[in-house]
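> Just a sequence and a predicted model for now, questions to come.
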Amino acid sequence: MHPNKPNPRNDRVRITRPDDWHLHVRDGQALDTVVPHTAAQFARAIIMPNLKPPITTVAQALAYAARIRAAVPTGKAFTPLMTLYLTDRIAPDEIRRASATRTNGLGDMVVAAKLYPAGATTNSDAGVTDIRLVYPVLEAMQKEGLLLLVHGEVTSPEVDLFDREAAFIEQQLIPLRRDFPELRIVMEHITTKEAAQYVREAGPHTAATITAHHLLFNRNAIFTGGIRPHYYCLPVLKREIHRQALVAAATSGHAHFFLGTDSAPHPAHLKEHASGCAGCYTAHAALEMYAQAFDAVDALDRLEAFASFHGPDFYRLPRNSGSVTLERRAWQAPQSYPFGDAELKPLLGGELVPWRLLEG
């Protein structure tokens, strides 16, 4: 039997050590809780730059990487891969400085820049107001080989919340793809059948990450038994037809779909608020949740490629060595974790999770 395929009973699966290609870890004391969760499961992670203030320079990104590394538990090998936050004023020279970090042999790398349409999600107020304003920067990224990561939603108030991803593809992504044909673009945390179809057909330089919570849940989860704020994220959970399309994409074996948790920690009191924050915290059980989603459609044999191969291949980075093992063994996720002076309530907190990552 192939060592990376589940045994005939489908109760255990071993995969090459995976990476998380979309992650929020915040800063300060919060790092001490959330970084160990990710380092226990993943070898590398793409770190989102939407702090306050945002990470807009290479110097800021490398300083942030050092703070993240300081929170990695002793004995764990984990590499943060850094990104820049695009604003209307970022200069092409910053892209050239970022590119140099990938070849100078000094350690931490800046591998991508993130496009947040202004006001699209948490800490996106400094985002791009008109994509044409950053065309010189995108030209530099295309030349230097830096990836563009996009939060794929328009923010026009006249566009329905559930239609903003499809509108972004039509209004911004298709023209962007036409104007920069060699720029590698990752459409982050896709949530619709339209996005999945677009990525399938967009050619070799377009890919997408898919979260575990968008594979497992549709928008009913937000409202079952009352408003459940810990299921609220942006882009918001969609109809069941879209969830099914995402599962089909993730388990298809298509090389341009790969794992990105978009795990996004917030203090519980700000999630459970009259104007609650968007974001689901899943880093505590990320691989277990992906295993649950793949197992539900009898596709555990496709998990390794999605979690461990497609991402590094698209980023043109080496695949990891080593492996991790998941076992079908139910465990109860903690209700909460310490989060600086507050508490962090994870998705599925207090509930039984059917798969468990084995230690060692």
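Happy to help now that I have it.
> From here on, just use CA atoms for contacts and neighbour counts.
Fine.
> Show me what the helix or strand harbouring Val199 is packed up against.
Element membership for Val199, per DSSP states H and E: helix 193-201. Packed against helix 193-201 by the contact rule (3 or more CA pairs under 8 Å, 6 or more residues apart in numbering; DSSP states H and E) you find helix 164-168, strand 206-210, helix 240-250.
> in its sheet, what does the following helix or strand past the longest one sit against?
Of the helices and strands lying after helix 240-250 in sequence (DSSP H and E), the nearest is strand 257-259. Next to strand 257-259 in the sheet, as set by DSSP bridges, lie strand 206-210 (parallel).
> Against which helices or strands is the next helix or strand after the strand it pairs with packed?
Following strand 206-210 in sequence order, the next helix or strand is helix 212-216 (DSSP H and E). Secondary-structure packing of helix 212-216 (3+ CA pairs under 8 Å, 6+ apart): helix 240-250, helix 286-296.
> any chance of the ones you listed in JSON lines, with mean pLDDT and mean neighbour count too?
Formatted as JSON lines, these follow (pLDDT from 0 to 100; neighbours: other CA atoms under 10 Å):
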{"stretch": "helix 240-250", "mean pLDDT": "98", "mean neighbour count": "21"}
{"stretch": "helix 286-296", "mean pLDDT": "98", "mean neighbour count": "22"}
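> which residue ranges form the strands in the stretch 51-200 of the chain?
79-85, 110-115, 147-150, 185-187 (DSSP state E, counting those that start in this stretch).
> pLDDT (mean, whole number) over the helix holding Val199?
The pLDDT scores in helix 193-201 average 97.
> Make 668 the first number, not 1, from now on.
Got it, first residue is 668 now, which makes that one helix 860-868.
> Now do that helix and strand 873-877, the angle between them.
140 degrees (axes from the mean of the first three to the mean of the last three CA atoms, to 10 degrees).
> From the chain's centroid, how far away is helix 860-868?
Distance of helix 860-868 from its chain centroid, counting by CA atoms, centre = their mean, to the nearest Å, is 18 Å.
> Buried residues in it, which are they?
Judged by neighbour count (16 or more other CA atoms under 10 Å), helix 860-868 contains these buried residues: Lys860, Glu861, Ala862, Ala863, Tyr865, Val866, Arg867.
> cool, and stretch 932-943?
Buried positions in stretch 932-943, judged by neighbour count with 16+ other CA under 10 Å: Pro932, His933, Pro934, Ala935, Lys938, Glu939, Gly943.
> Just the terminal-to-terminal distance for stretch 838-851.
For stretch 838-851, the first-to-last residue distance is 19 Å (CA to CA, to the nearest Å).
> how close does Ala879 sit to Asn987?
Using CA to CA, one obtains 21 Å as the distance from Ala879 to Asn987.
> Same drill for those two, tell me which one is more crowded.
Taking other CA atoms under 10 Å, Ala879 and Asn987 do not tie; Ala879 has more neighbours (25 against 16).
> hang on, that one packs against Phe961?
No: the pair Ala879 / Phe961 is not scored as a contact, 9.8 Å apart, by CA atoms under 8 Å.
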